[in-house]
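Chemist: Would you be able to build a 3D model of this:
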Amino acid sequence: MRGCLFVLILAAAVLTGLAWFGSPILATGVISAALENAGFHAGSSTVRATADPPPKLLLGRADRVEIVATDVDFRTFHAASLDLILTDVDVAARTAGRITGRIGDATLTTAAGEPTTADVDIDGVASAADASIVVDGATVSRVVKATLQQKFGVTAGSTELVAPDILRISVPGATVEGRLVIDASGAIALSTPLGSSPILSLDPSFPLRLRSVRVDGDALHIGATLDATALLAG
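Modeler: Residues are numbered from 1 along each chain as shown. Next up is the predicted model:
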């Protein structure tokens, strides 16, 4: 009788240990699979899920999920690195409460077809987190000059960013001014009395939508919204 009782106690202890220490591994595998199914791939990546107590992970709940990756592709979107923390994660429902972190060197598409990159800082409610992108003036100048040359055959002498949202361009014999806006397609565009011309955009496969643009000093500050739950949607 005592032998049977000992076996039962030992079995219970083993199961408890597996639930305590094995649940993070299981949850991490499920989250990694969800990311891959959604179109996420990376040259190297680490996914870590934690909960207190750890067996809560067996119910599909994580207090915190950290995703660190380099050479990142999300469908056709590319970035050099990604470091994100999601909290209050429901693994089964593929939802999260909040997200913070950074996407490093995210690729922006230019109207001239010349790619450029920028960092994206993220903080907020996971389904509609605030994202901030800063593009320096030198990059804006390069992109605008390339766009004018390719689309209109015009060689710009110089460009100048003027608060709150003006781009001033010097071309042979004239100076042209336009407002920087987010157009109907979600791209950053230069709006003039003669019409609107796209300059910069994000790959639409990534759930990051541009919503505002302003000039601050010699840089362009872009406001965006990230739907982080789409990264887990599968």
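Chemist: Please count neighbours and contacts with C-alpha atoms only from this point.
Modeler: OK.
Chemist: Going by residue numbers, what spans are helices in the chain?
Modeler: Listed from the start of the chain, the chain has helices (DSSP state H) covering 2-38, 137-152, 229-232.
Chemist: How is the protein divided into domains?
Modeler: Per automatic domain parsing, the structural domains of the chain span 2-127, 137-224.
Chemist: looking at those domains, which is closest to L232?
Modeler: domain 2-127 (5.3 Å; Cα to Cα).
Chemist: ok, and the closest non-adjacent residue to the residue nearest the centre of the chain?
Modeler: For the chain, the residue lying nearest the average C-alpha position, counting by Cα atoms, centre = their mean, turns out to be I103 (5.4 Å). Closest residue in space to I103, ignoring its immediate chain neighbours: L82 at 4.5 Å, by Cα to Cα, 6 or more residues apart in numbering.
Chemist: Ok, R61 next?
Modeler: D90 (4.8 Å).
Chemist: give me the beta-bridge partners of that neighbour?
Modeler: Here D90 shows beta-bridge partners R61, T95, assigned using DSSP bridges.
Chemist: in terms of contact, does it touch L57 like I think?
Modeler: No - using Cα atoms under 8 Å, D90 and L57 do not qualify as a contacting pair, with a distance of 9.2 Å.
Chemist: Mind checking which of those two has more residues around it?
Modeler: L57 (26 against 16; other Cα atoms under 10 Å).
Chemist: wait, isn't the more buried one in contact with A51?
Modeler: Yes - with contact defined as Cα under 8 Å, L57 and A51 form a contacting pair (6.4 Å).
Chemist: what bridges to L200?
Modeler: Listed beta-bridge partners, L200: T110, I188 (assigned using DSSP bridges).
Chemist: T95: neighbour count?
Modeler: The criterion is other Cα under 10 Å. On that basis, T95 has 21 neighbouring residues.
Chemist: Who are the contact partners of it?
Modeler: Contacts for T95 were tallied using Cα atoms under 8 Å, 6 or more residues apart in numbering; they are 89, 126, 229, 232-233.
Chemist: measure A146 to P207 for me?
Modeler: Shown here: A146 relative to P207, a distance of 27 Å by Cα to Cα, to the nearest Å.
Chemist: just S197 next, same as before
Modeler: S197 sits 23 Å away from P207, going by Cα to Cα.
Chemist: Likewise for G186?
Modeler: Distance of G186 to P207, given as Cα to Cα: 12 Å.
Chemist: got it, and R179?
Modeler: Per Cα to Cα, R179 is found 26 Å from P207.
Chemist: L59 too?
Modeler: From L59 over to P207 the distance is 27 Å, taken as Cα to Cα.
Chemist: neighbour count winner among the two?
Modeler: Under the neighbour definition other Cα under 10 Å, L59 and P207 were set side by side, and P207 has more, 18 against 13.
Chemist: Where does pLDDT dip in the chain?
Modeler: Low-confidence regions of the chain, defined by pLDDT under 70, span residues 1-27, 234.
Chemist: Now that L231 has come up, it's in contact with L35, right?
Modeler: Yes - applying Cα under 8 Å, one finds L231 in contact with L35, separated by 6.1 Å.
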